[in-house]
Structure formats: structure tokens, C-alpha cells
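Chemist: I would like the atomic coordinates for the input below:
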Amino acid sequence: MNTKTRGIAINTMSKRNRRRLTALAAIAISGILLSAAPIAAADETGKQAKTDSGSELPERKTTTLGLYASAAQAYEMWKSTPDKVKVIDVRTPEEYAFVGHPEKAWNIPFAFVDYQRKEGKFEYKVEWNLDFVTEVKSIAGPAEILLIMCRSGDRSAMAVNKLAAAGFTNAYTVTDGFEGDKVTDPGSVFVGKRMKNGWKNSAPWVYGVDPEKVILEEGLSKQTQ
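Modeler: This is a model prediction of the structure:
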């Protein structure tokens, strides 16, 4: 394992990183990370990909590897062989720390969100993690089984495609992510909330952060020290 910056505890983060953490609520609901161009579909014929259960996926959630698992399925995969399956949470450190995460999940952000206050409003900007693939390679080999998870299955699909292009062959995207899909029943008090599925509604999770499981891009860390 390389010696890049990892395991930065929340209470020892730089001033800039602490500002990022306090902005979690705004970042989590902004949806800015979902504004990237659609990714390539797994099915070259242009048909929508399907999960093992037969449900269709929107193009933005498909991957070139065509390996899919719901959060509930992903938990069972990890639980059956925890020494052979790695869960990698590609959400921002803010989401990982304050929204919650699977207890054994690694946090390797696919992107960061920077922000500033201007004329009474928050402005957001995506900072892609250019070392994402390198950081994944530091903890996993190209043939290992990886369960890649984000909030609801969009960033994880993008991350899997990035890993596939780098030679990874067993990277699954968790299609409903950690928070899951939104409740659409207008009669529910939870309508519009991400409580329909997802790891948070299907499997055990925690808030506590194990610093050894958080891998942050080195260049960013150096800039903020």
C-alpha cells in the first residue's frame, strides 16, 4: 500500500476541509455531481441494461462491465465473503461522515465539491479526483470483487467505467446507492425523500469514521495544509 495521504481524521482536517464538512447539507441536496454527461450504456445495441432481477436501468446508471447489484444484494455479497469483497464508497467525505456509510466501506471520493458564498448565495464547483484510479489501485487488484457505491447509483456507474478503462474487471455498481431512490407515493409523508431502497434502508450502517478507511487525494491535502 502506498504512502499517500490517508486516514485524515475529521477532528484534524485543515480549515478548508472543515468548511467542506459544515456544508454537507447544502452539498448533499445540490445534485451538482449528477450534472455530468451521460455515460456509455453497457449494451452496445442501445437497449437499456437490466439487473439480475430484470428491472431496467436508466442509461446514466449503466456501465461498460454490466455488473449490477442492489444495496441489499451487495450487502449479502460482502457478508458472505468479506475477505474477498471490498465496498468502496465514492461519495464526498462530507456525505460519508455525516450521512452515514457501511461500517467496512472505504471512502475514495470520485469527486469533491468546492463552494463559496457570493452575494448571499452558495456557488458550487465539482473538483474531479484525478487520483481516483490510483487510490483504488492502492487497496485493490484489478481482478478483485469491488462494490462501488455512491448516493443513488449515478456516480458509482461513472466510477466503474473509469475503473474498467483502467483494467478492473469485477467492479459492480450498487444501483440504488447508499441513500436509495426517492419515495414517489404522493400520499406518503416521506414523498420526495430517499427512503425507498438503498443501503441505508436495507443493511447495517454507521456514522463513525475509521481514518484508515478514508483515502483523500494527496495533491488536495498538500494544498490545504
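Chemist: what's the following helix or strand after the lowest-mean-pLDDT helix or strand in the chain?
Modeler: Of all helical and strand segments in the chain, the minimum by mean pLDDT, DSSP states H and E falls on helix 24-30, at a mean of 36. Using DSSP states H and E, the helix or strand that directly follows helix 24-30 along the chain is strand 68-69.
Chemist: sheet partners, orientation included, of that next one?
Modeler: Applying DSSP bridges to the sheet, strand 68-69 is found paired with strand 171-174 (parallel).
Chemist: pull the strand it pairs with out as PDB, backbone CA atoms only.
Modeler: Output of strand 171-174 as PDB, limited to C-alpha atoms (Å, rounded to 0.1, in the frame of the first residue of the first chain):
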ATOM      1  CA  ALA A 171     -16.400  -3.800 -10.300                       C
ATOM      2  CA  TYR A 172     -20.100  -3.800  -9.500                       C
ATOM      3  CA  THR A 173     -22.200  -0.600  -9.300                       C
ATOM      4  CA  VAL A 174     -24.700  -0.500  -6.500                       C
END
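Chemist: other residues contacting it?
Modeler: 61, 63, 65, 67-71, 74, 77, 145-150, 153, 156-157, 159-160, 163-164, 199 (C-beta atoms under 8 Å, 6 or more residues apart in numbering). Glycine gets a C-beta too; all of them are placed from N, C-alpha and C.
Chemist: please redo it, this time with the cut-off set to 6 Å
Modeler: The contact list for strand 171-174 (C-beta atoms under 6 Å, 6 or more residues apart in numbering) reads 63, 67-69, 71, 74, 146-149, 156-157, 160, 163.
Chemist: before we move on, what about stretch 193-207?
Modeler: The contact list for stretch 193-207, computed with C-beta under 6 Å, 6+ apart, reads 71-72, 75, 100, 102-103, 176-183.
Chemist: let me have those residues in a markdown table, extended by secondary structure.
Modeler: Below are the contacts of stretch 193-207 laid out as a markdown table (DSSP: H, G, I helix; E, B strand; the rest coil):
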| residue | secondary structure |
| --- | --- |
| A71 | helix |
| A72 | helix |
| Y75 | helix |
| G100 | coil |
| P102 | coil |
| E103 | coil |
| D176 | coil |
| G177 | coil |
| F178 | coil |
| E179 | coil |
| G180 | coil |
| D181 | coil |
| K182 | coil |
| V183 | strand |
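Chemist: so among these, which ones count as buried?
Modeler: A71, A72, Y75, G100, P102, D176, G177, F178, E179, G180, D181 (16 or more other C-beta atoms under 10 Å).
Chemist: turn the residues you listed into TSV, including pLDDT.
Modeler: Shown next, in TSV, are the buried ones among the contacts of stretch 193-207 (pLDDT from 0 to 100):
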residue	pLDDT
A71	96
A72	96
Y75	97
G100	97
P102	97
D176	95
G177	96
F178	97
E179	93
G180	87
D181	82
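Chemist: now L147: how far from K104?
Modeler: Per C-beta to C-beta, to the nearest Å, L147 is found 11 Å from K104.
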